[in-house]
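> got a sequence here, can you build the structure:
(one chain, ligands or ions: 1)
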Amino acid sequence: MSFRTFILSLSASFGVAWLAIVIVPYFKMRSLEPIAVEEGDGTNAVYIPKRAGRIADGAEVYAANGCYQCHSQLVRPTYAGNDMFRPDMGGIAGDEERGDTRRETNAFDFQGEKFAQIGISRLGPDLSNLGRRIEAIYAKGANPEAWLYGHLYNPRWRPDRRESSCPSFRFLFKVTEIKGNPSEESLPFPVEEGMEITPKPEARALVSYLLSLKKDQPVPASLNFAPPTAAAPKAP
Ligand code: HEC
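Down below sits the predicted model:
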């Protein structure tokens with residue numbers, strides 16, 4: 001092989017990889033503007049959810065406590081994994097209010113977030129749709145925040161989760177004296193007489209963030225299980 005062919009093939013092999021990994025995604029994702037979707041009833045909807053300040057604070061608490069070490073926030077499309085078929089992970093198949101909301105995660109889902117918490121391992125369940133899962137399934141009819149406070153304080157307290165290896169985040173709570181009536185947020189765990197366990201502001205922010213995790217709104221680019229929109233009606 002001549003030196004010239006060697007240099008040419010070297011540039012070609014690195015060039016193609018660079019094109020596919022850097023340049024193509026750059027042009028596909030550089031300007032993800034909110035897209036208006038026309039709903040069935042003729043109204044326009046923008047599907048990028050807005051995030052309140054407390055939710056953004058909660059994302060910082062999530063990062064600071066290393067939740068991403070064990071929890072992903074990425075539902076893979078059917079050609080790359082079985083996420084869509086795991087119960088209630090990629091959305092809820094039989095959501096009573098919203099129908100079938102299962103779909104894969106899409107780059108739009110992270111728009112407006114400072115950091116995409118896709119996670120680095122999957123020791124625990126994927127949390128992409130945790131918010132809706134708690135509202136519609138775990139705490140159905142009850143207070144979803146209380147469900148999460150209980151889990152964060154002691155992940156092993158529910159009879160069906162005795163073996164949970166999710167760490168307890170007790171330091172996000174404080175034990176204080178009850179003055180007058182107990183707080184509405186007080187946790188149902190044993191504590192000294194006259195005292196109560198309540199969440200610190202960090203726990204409140206984290207819980208707001210966790211309940212905001214619903215990556216199941218219809219997006220036009222969804223490949224699978226997207227609820228029908230005017231732009232993409234469901235196949236008959
Ligand atoms: C050492 C790994 C690990 C870390 C770190 C971790 N978790 Fe977990 N988590 C798990 C495992 C394993 C489960 C599954 C067992 C269970 O249901 O409790 C779980 C379950 C959960 C669940 C219930 C999810 C569901 O749908 O059933 C929530 C909510 C949760 N974790 C939140 C958190 C938050 C918030 C943090 C960070 C503050 C965190 N976890 C950090 C391992 C971890």
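> quick one: Lys179 from Ser186, how far?
The gap separating Lys179 from Ser186 is 12 Å, by C-beta to C-beta, to the nearest Å. Placement of C-beta: from N, CA and C, glycine included.
> of those two, who's got more company?
Between Lys179 and Ser186, counted using other C-beta atoms under 10 Å, the more crowded position is Ser186 (19 against 9).
> let me see the contact set for Glu60.
Contacts here follow C-beta atoms under 8 Å, 6 or more residues apart in numbering; on that basis Glu60 touches Ala205.
> can you read off the pLDDT for the residue nearest to Met84 when sequence neighbours are not counted?
Leaving aside its chain neighbours, Met84 sits nearest to Gly90 (4.3 Å; criterion: C-beta to C-beta, 6 or more residues apart in numbering). At Gly90, the pLDDT value in this model is 88.
> OK, contacts around Gly90?
Each residue near Gly90 by C-beta under 8 Å, 6+ apart is listed here: Val75, Asp83, Met84, Arg102, Arg103, Glu104, Asp126, Ser128, Asn129, Asp216, Phe225.
> report the contact partners of the third one.
When contacts are counted by C-beta under 8 Å, 6+ apart, Met84 is found next to Val75, Arg76, Pro77, Thr78, Gly90, Arg102, Arg103, Glu104, Asn224, Phe225.
> ok, the first one next?
Neighbour list for Val75: Asp83, Met84, Met89, Gly90, Gly91, Arg103, Glu104, Thr105, Asp126, Ser128, Asn129, Lys215 [criterion: C-beta under 8 Å, 6+ apart].
> need the next SSE after the helix or strand of the chain with the lowest mean pLDDT, C-terminal direction.
Least confident helix or strand of the chain, by mean pLDDT, DSSP states H and E, is strand 44-46 with a mean of 58. Along the chain past strand 44-46, the next helix or strand (assigned with DSSP states H and E) turns out to be helix 53-64.
> so, low pLDDT: which residues of the chain?
28-50, 220-236 (pLDDT under 70).
> tell me where it has strands.
Shown for the chain, the strands assigned by DSSP state E span residues 36-38, 44-46, 173-177, 195-199.
> in the chain, which spans are helices?
3-18, 24-29, 53-64, 130-133, 144-153, 201-211 (DSSP state H).
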